[in-house]
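K.L.:
after the sequence you'll find the predicted model.
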Amino acid sequence: MQLAYFHVAADVPQGAEPDAAVVIDILRATTTIAWALNNGAEAVETFADLDQLRHSAAQWPESSRLMLGERGGQRIEGFDLGNSPVAVVPEQVAGKRLFMSTTNGTRSLQRVRGVQRLFTLALPNRRAVADHLLMDPPEQLWIVGSGWEGAYSLEDSLAAGALADLLLDAAANEASVVNDELTAALALWQQWKHDPEACLRQASHGQRLIGLGDHDADFRCCAELDRLSVVPVQVKPGVLCAS
Ligand code: 3SL
C-alpha cells in the first residue's frame, strides 16, 4: 500500500487515479458526516454547488430530507442545519437524506469522486477507517485534505498523520509513505497525539471558529479519537452511506 497525502484537492495529480482515496475535513465537514451516519442518516449527499443541491433536494420527499451546510462557518440561509457534528443528533437525522455543502470539504470530495473506493475520515472514526482499509488494502491510497480556500490546514494534516500512523503500524512492510507531505503529517501527529484538541484550537480555522462564537462542543467532538465504528463510503458519485 503506497500512501500519499495531498493538503488540498488542487494538489491531487491530474490524469492519475489511485484505487482508493480518503477525504479529510476535520473542522468540521467529515466529522459531521461521520456523526450523521452514525446517528442513522440514510445517506449524506454532498455538493460543491448550492443550486445543484437545492435542485436535488427538491426531488426528495420533504419529510425525509434535510439541507445542511455552511459558508464561512455560518449556516446557509434557508438550510435546516449548519455544519456542526453535535447538531446531527438521531432525533434530527435518523432515516433522512442529508443534502450537504460546505466551504472546502465537499469541494475536496467532488475532486476525487471518480476514485473507485472513496471514504471520509474524521478523528472519531480513524480506527474504523484504518481497519476497513486493512481488510482489503488498496495498492495506492490518496489521503486528501480540504484546507481552507486552497490553503494548507493544520488539522487535516494532523488527521492524515493519525491515519497513516495506524496503517504503517498494522501493515508493517506492506505500506510505504510516498510523499513528503505525509512524512510531515506523521511528524505532526507525533507532536500532538496526546492533545489533538489543542492542535485543532491552534489551527487557523480553529481560530476562525473561536472568533465566530462558542464552539467548545464542536472542538471536543472533532478531536475525540476512535470513538465511532462507522465508515462513510461513497456508494455513487457524491453519495456517502454508512458501512
Ligand atoms: O470548510 C468546510 O468544509 C467546513 O467544514 C468549514 S466549517 O468548520 O464548517 O466552518
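P.N.:
Received the coordinates, thanks. Only a predicted model underlies this, so the values are computations on that prediction, with no experimental measurement involved.
K.L.:
alpha carbons of stretch 96-116, in CSV - could you do that?
P.N.:
Only the C-alpha atoms of stretch 96-116 are listed here, as CSV (Å, rounded to 0.1, in the frame of the first residue of the first chain):
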residue,chain,number,x,y,z
LYS,A,96,-33.2,11.2,6.5
ARG,A,97,-31.1,12.0,3.5
LEU,A,98,-28.8,14.9,4.2
PHE,A,99,-28.0,17.3,1.3
MET,A,100,-24.8,18.9,2.3
SER,A,101,-22.5,21.7,1.1
THR,A,102,-19.5,23.2,2.9
THR,A,103,-16.8,25.7,2.0
ASN,A,104,-14.0,23.3,1.5
GLY,A,105,-14.8,19.7,2.5
THR,A,106,-17.5,19.0,-0.1
ARG,A,107,-15.2,20.5,-2.8
SER,A,108,-12.4,18.0,-1.9
LEU,A,109,-14.9,15.2,-2.1
GLN,A,110,-16.0,16.4,-5.6
ARG,A,111,-12.4,16.4,-6.8
VAL,A,112,-11.9,12.7,-6.1
ARG,A,113,-15.5,11.4,-6.6
GLY,A,114,-14.3,9.3,-9.6
VAL,A,115,-12.0,7.2,-7.4
GLN,A,116,-13.3,3.6,-7.2
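K.L.:
17 is where my numbering starts, stick with that
P.N.:
Sure thing, new numbering starts at 17, so read that last one as stretch 112-132.
K.L.:
mind listing what's buried in it?
P.N.:
By neighbour count on 16 or more other C-beta atoms under 10 Å, the buried set for stretch 112-132 is 112-129, 131. Bear in mind the C-beta positions are built from the backbone N, C-alpha and C, glycine included.
K.L.:
just to be sure, which of those are found in helices?
P.N.:
Among those, the ones falling in helices (DSSP state H) are 121, 122, 123, 124, 125, 126, 127.
K.L.:
so what's the last one up against?
P.N.:
For residue 127, the contacting residues are 25, 26, 28, 160, by C-beta atoms under 8 Å, 6 or more residues apart in numbering.
K.L.:
farthest-apart pair in those residues, please.
P.N.:
Maximum pairwise distance among these (C-beta to C-beta): 10.2 Å, between 26 and 160.
K.L.:
of the contacts of residue 127, which is the nearest to residue 258?
P.N.:
Distance to residue 258 across those (C-beta to C-beta) is lowest for residue 160, with 20.5 Å.
K.L.:
quickly list what that closest one is bridged to.
P.N.:
Counting by DSSP bridges, residue 160 is bridged to residue 22, residue 39.
K.L.:
wait, it sits on residue 36?
P.N.:
No. At 11.0 Å, residue 160 does not count as touching residue 36 under the criterion of C-beta atoms under 8 Å.
K.L.:
of the two, which one has the most company?
P.N.:
The neighbour comparison of residue 160 against residue 36 (other C-beta atoms under 10 Å) goes to residue 160, with 29 against 22.
K.L.:
which residues touch the more buried one?
P.N.:
Neighbouring residues of residue 160 by C-beta under 8 Å, 6+ apart: 21, 22, 24, 25, 28, 37, 38, 39, 40, 124, 127, 128.
K.L.:
repeat that for 7 Å
P.N.:
With contacts defined as C-beta atoms under 7 Å, 6 or more residues apart in numbering, residue 160 is in contact with 22, 25, 28, 37, 39, 40, 124, 128.
K.L.:
looking at the residues you listed, spot the one nearest the ligand.
P.N.:
In terms of C-beta to the nearest ligand atom, no member of the contacts of residue 160 lies closer to the ligand than residue 124, at 8.0 Å.
K.L.:
which residues does residue 173 contact?
P.N.:
By C-beta under 7 Å, 6+ apart, the contact list for residue 173 reads 23, 161, 200, 201, 204.
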